[in-house]
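1. missing the sequence, but the structure's below:
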């Protein structure tokens, strides 16, 4: 190569001589006033001297060339060395491979300092940063950017070679992830001045693809060159692609992984978000726990907080690994729990890591029963929830195994995390706190109790989203002080608008249990008048093995004639508008204050209600619907039912029992009497003939 006069003689120094797409040699030693040309032989490497196209590229100075001589030995003139076609359509040629990424269309999510995406596929593997005139990419954002090249079609890739910077910014390459289409192929490290990262996927079938992406690690993304190497004998073939749901490490796959580089839609969600600490940061594949790396989630503090990932299908989970925040606040994870599916707690009261960077490992492989689930949730109460990464590991052999349904326990609290609402909210004591499944957190300061304002009518409600045969409902109130705890006294419990129980406060920490014996219902509501309503947990318990007796029809719903509807009703006394005629109005509502129940106060000779049937009848049974509000026990326990003078039976109060059916054995009578010493109150009577 010959330069020209004193002004331009050294211009070519620093330029690159390229043959067939490979860098043959960096040009140096050009003199200002050369009298003869300078010889370059690719530093003696014959493998770099094969080709049909010769290029000289200079990124730093003007390009001034007077003459080029290309010399070939006479004995090799007739030898056909395997080379590229003249337009280099196969890619950049090497001995056994083509680099099919060379000069292909590349993009990235941001750009800084002139480091455009195409510089990573320009054929220059120089690792020296030279700013706008250099040959390395550079992004603007920390920890979130992605570089991508479109190969034009699907290739069976053999391996990758990726060069990063070799100066102080060589650490940019550490933790970056290389993807083939949607498959994570591998992670890269800081190679400093040691050359490229060479990457191969764990499984060869995962290396078939069209798009190659590199996602940032802990900081900016700077790439000097990417070579996507395809064997020459495979370059014309178009293989089938395989989608693998996560990152393979040895015998296991992290099926929680979902990076924005390959999926725009997040598979994670959380209870709340502040400081842009969005949920998808905890399954983006980046374990960096430093907040400045933009890969740590952040929720609000007060009340129950959670992060959850949808794995897309049910997997048999081997173990779970959690990485927390490392720059500060690692103690915030203390007390958290991990749930698989809806309710299976696989870890509770998680301890603070010994070191902030230490992962939390939850081994599920040794459990008596295998753990299957589609959703994995991390929950924490009354503290910020910050997660760097949550990894859900499945044995590779189970990744495409049989999709078994999530195991549902025999007994289930179907209220957990169902939609809730309340009449009003005091402060941040939201309605969903009563279904957060923290039954031990009964002090409002713990962040797991609801609270309304004080209004004429206050209510709390949960929608179970479908009908269940409810065995019983358990309600836990606050226990911080007796004065506040007893405010629930006098509240009523309703299922689908029907009163099924009343709250009688006795002492703190004593739960309210309402047996419903398979009552079918969907919406559960608790109502309190003229006072605050505060609840810490509402459990709606269902026995999934319960089989309802379809023949057991509630008395009021039977097709058999109800003799009480035409009876003449009288009573010993009545109070507060609770007249005797209400017991035959066809309304079984069990709350007296809704205006459909009889009521009488204590009398010297007791109280009674008589139903005159109008004629002698063989009485088969008498059903009495009791009050189920606050005064339920005192006003019905011990009441006697007679057909004429015959004592059919007495009522023995049972909490939550919807009706008492008394058998009269076909006794002939024209009157039915219900009597009791002291208070007497009930809501409906149904009489059926034998």
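-> That came through, no problem. Treat the numbers as computed from the prediction; the structure is a model and nothing was measured.
2. run a quick neighbour tally on residue 667.
-> Neighbours of residue 667 under the rule other Cβ atoms under 10 Å: 18. Any C-beta I mention is one placed from the backbone N, CA and C, and that applies to glycine too.
3. and the strand or helix carrying it, how far out from the chain middle?
-> Assigned by DSSP states H and E, residue 667 belongs to strand 660-676. Centroid displacement of strand 660-676 relative to its chain, using Cα atoms, centre = their mean, to the nearest Å, is 58 Å.
4. with adjacent residues omitted, what lies nearest to the residue nearest the centre of the chain?
-> Geometric centre of the chain, nearest residue: residue 308, 2.3 Å, by Cα atoms, centre = their mean. Excluding the flanking residues, the one nearest residue 308 by Cβ to Cβ, 6 or more residues apart in numbering is residue 377, at 4.1 Å.
5. next SSE after the helix or strand harbouring that neighbour?
-> Taking DSSP H and E as the criterion, residue 377 maps to strand 372-381. For strand 372-381, the succeeding helix or strand toward the C-terminus, using DSSP H and E, is strand 387-395.
6. return the distance of that following strand from the chain's centre.
-> On Cα atoms, centre = their mean, the centre of strand 387-395 falls 12 Å from that of its chain.
7. go on, stretch 677-689?
-> Distance, stretch centre to chain centre, for stretch 677-689: 52 Å (Cα atoms, centre = their mean).
8. ditto for stretch 325-343
-> 14 Å.
9. give me the buried positions along it.
-> In terms of neighbour count (16 or more other Cβ atoms under 10 Å), stretch 325-343 has its buried residues at 325-326, 329-330, 332-333, 335-343.
10. which strand or helix spans residue 549?
-> Judged by DSSP H and E, residue 549 forms part of no helix or strand.
11. same question, residue 273
-> Using DSSP H and E, residue 273 maps to neither a helix nor a strand.
12. next, it: phi, psi?
-> phi -140, psi 130 (degrees, to the nearest 10).
13. swap in the one 10 residues further on?
-> Summarising the backbone geometry of residue 283 under the convention degrees, to the nearest 10, its torsions are phi -140, psi 40.
14. can you offset everything so residue one is 36?
-> Fine by me, first position is 36 from now on; the one you just mentioned is residue 318.
15. OK, contacts around it?
-> 291-293, 302-303, 344, 424-426 (Cβ atoms under 8 Å, 6 or more residues apart in numbering).
16. nearest residue to residue 179 in space, please, no chain neighbours.
-> Of all residues not flanking residue 179 in the chain, residue 329 sits nearest, at 5.2 Å (Cβ to Cβ, 6+ apart).
17. state the distance from that neighbour to residue 394.
-> Residue 329 sits at a distance of 20 Å from residue 394 (criterion: Cβ to Cβ, to the nearest Å).
18. between those two, which has more neighbouring residues?
-> residue 329 (21 against 16).
19. narrow the buried residues of stretch 360-378 to those in strands?
-> 372-375 (DSSP state E).
20. show me the longest strand that occurs in the protein.
-> Ranked by number of residues, the top strand in the chain under DSSP E is strand 490-511.
21. quick one: mean pLDDT for it?
-> Per-residue pLDDT over strand 490-511 has a mean of 96.
22. tell me which residues of that strand are tucked away?
-> So strand 490-511, judged by 16+ other Cβ under 10 Å, has buried residues 493-497, 499, 503-511.
23. same question for stretch 311-328.
-> Buried-residue list, stretch 311-328, by 16+ other Cβ under 10 Å: 312-326, 328.
24. now do the end-to-end distance for it.
-> 12 Å (Cα to Cα, to the nearest Å).
25. show me where the stretch 86-235 of the chain has strands.
-> For the stretch 86-235 of the chain, the strands defined by DSSP state E, counting those that start in this stretch occupy 89-92, 127-128, 132-134, 140-143, 181-191, 194-198, 212-215, 218-222, 232-234.
26. for the first one, give the mean pLDDT please.
-> Put plainly, it is strand 89-92. On average, strand 89-92 scores 80.
27. run me through the strand neighbours of that strand, direction for each.
-> strand 51-54 (antiparallel) (DSSP bridges).
28. then the last one?
-> Based on DSSP bridges, the strands next to strand 232-234 in the sheet, each with its direction, are strand 194-198 (antiparallel).
29. now the angle from the strand it pairs with to strand 218-222?
-> Here strand 194-198 points in a direction 50 degrees away from that of strand 218-222 (axes from the mean of the first three to the mean of the last three Cα atoms, to 10 degrees).
30. and residue 345, its phi and psi?
-> phi -100, psi 120.
31. nearest residue to it other than its sequence neighbours?
-> That would be residue 302: by Cβ to Cβ, 6+ apart, it lies 5.0 Å from residue 345.
32. could you give the number of residues near the one you found?
-> Other residues lying near residue 302 total 17 when counted by other Cβ under 10 Å.
33. that one contacts residue 343, correct?
-> No. If you go by Cβ atoms under 8 Å, residue 302 and residue 343 don't touch, sitting 9.4 Å apart.
34. surely residue 248 and residue 320 touch.
-> No. Counting by Cβ under 8 Å, residue 248 stays clear of residue 320, with 11.8 Å between them.
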